[in-house]
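Q: next one to model:
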Amino acid sequence: MLTPVLFLPGLLCDAGLWRAQIEDLRDHVAPAVADLTLDDTVEAMARRTLAAAPDRFALVALSMGGYVAFEIMRQAPQRVTRLALIDTSAGSDSAERARERRGALATLEAGRFLGVTDRLLPQLVHPTHVHGPVGEAVKAMAARVGRDAFIRQQRAILGRPDSFPTLSAIDVPTSVGVGDGDLLTPPHEARAIRDGLTGATLRVFNECGHLPPMEKPEETGAFLKDWLSVPDAQ
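A: Coordinates of the predicted model:
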């Protein structure tokens, strides 16, 4: 029987983020990718995701998807069999980061949506992936998600709660992954999540930025296969 696995994308990401892993795991999982473009709070994103999800499922999340995953673990922990968190953070925005995000929102609401530009791309992927198919795929994905969804997602991120106080309540097998060159949610944030969870493991992807599923697809697939092989919690 195939394991139901729910994939949660990050900011300005869609199902294309997980395309390689879904193909790699096709003999092992029954995949579904949540739509996180329709709501402007992580609570609403989690409710919508749960309403469409199987009764029990494994949960894979990247970046903003991780914020939604933590909310799912608060709303319906009994439905999640295991958890994989990639390039995300358990904390809320710092005051400085929140100001930057609000400023970017105000600019966007008054102007034109540019998506992921050549200037922004080095913040998302390792320098070795800026030029070429990975960079082009990231820009195309952001264009598909579009302006209105981006505004909703940024509002949701701004309003998310601090998840560190609830980490200790997570009692399913959990694996944490992060790119060694992630500038947005650096490795120390992944280590903080790992250290806050009982029995969690950490995988660092070398020469990789914020998007291992696209930058290091084979390694991310191997990471998820290892995660799926861990026995369920009793």
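Q: which residues in the chain form strands?
A: Assigned by DSSP state E, the chain shows strands spanning 3-8, 29-33, 57-62, 80-86, 174-179, 201-205.
Q: residues touching the residue nearest the centre of the chain, list them.
A: Centroid-nearest residue in the chain, with Cα atoms, centre = their mean: residue 62, separated by 1.4 Å. Residue 62 sits next to 8, 9, 10, 13, 17, 86, 87, 88, 211, 212, 213 when contact means Cβ atoms under 8 Å, 6 or more residues apart in numbering. Yep, even glycine has a C-beta here, placed from its N, CA and C like the rest.
Q: what bridges to it?
A: Beta bridges link residue 62 to residue 86 when assigned by DSSP bridges.
Q: ok, back up a step: make JSON lines from the strands of the chain and add mean pLDDT to it.
A: Below are the strands of the chain laid out as JSON lines (pLDDT from 0 to 100):
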{"stretch": "strand 3-8", "mean pLDDT": "97"}
{"stretch": "strand 29-33", "mean pLDDT": "97"}
{"stretch": "strand 57-62", "mean pLDDT": "98"}
{"stretch": "strand 80-86", "mean pLDDT": "98"}
{"stretch": "strand 174-179", "mean pLDDT": "98"}
{"stretch": "strand 201-205", "mean pLDDT": "98"}
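Q: kindly reformat those as CSV and extend each row with distance to residue 165.
A: Output for the strands of the chain, formatted as CSV (distance: least, Cβ to Cβ, whole Å):
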stretch, distance to residue 165
strand 3-8, 21
strand 29-33, 29
strand 57-62, 19
strand 80-86, 16
strand 174-179, 17
strand 201-205, 21
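Q: the helices in this structure, which residues?
A: Using DSSP state H, the helices found in the chain span residues 19-24, 42-52, 64-75, 95-110, 121-124, 133-158, 187-196, 212-215, 217-229.
Q: using TSV, lay out these together with mean pLDDT.
A: Formatted as TSV, the helices of the chain follow (pLDDT from 0 to 100):
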stretch	mean pLDDT
helix 19-24	98
helix 42-52	98
helix 64-75	98
helix 95-110	82
helix 121-124	94
helix 133-158	95
helix 187-196	97
helix 212-215	98
helix 217-229	97
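Q: what are the buried residues along stretch 132-146?
A: 134, 135, 137, 138, 139, 141, 142, 145 (16 or more other Cβ atoms under 10 Å).
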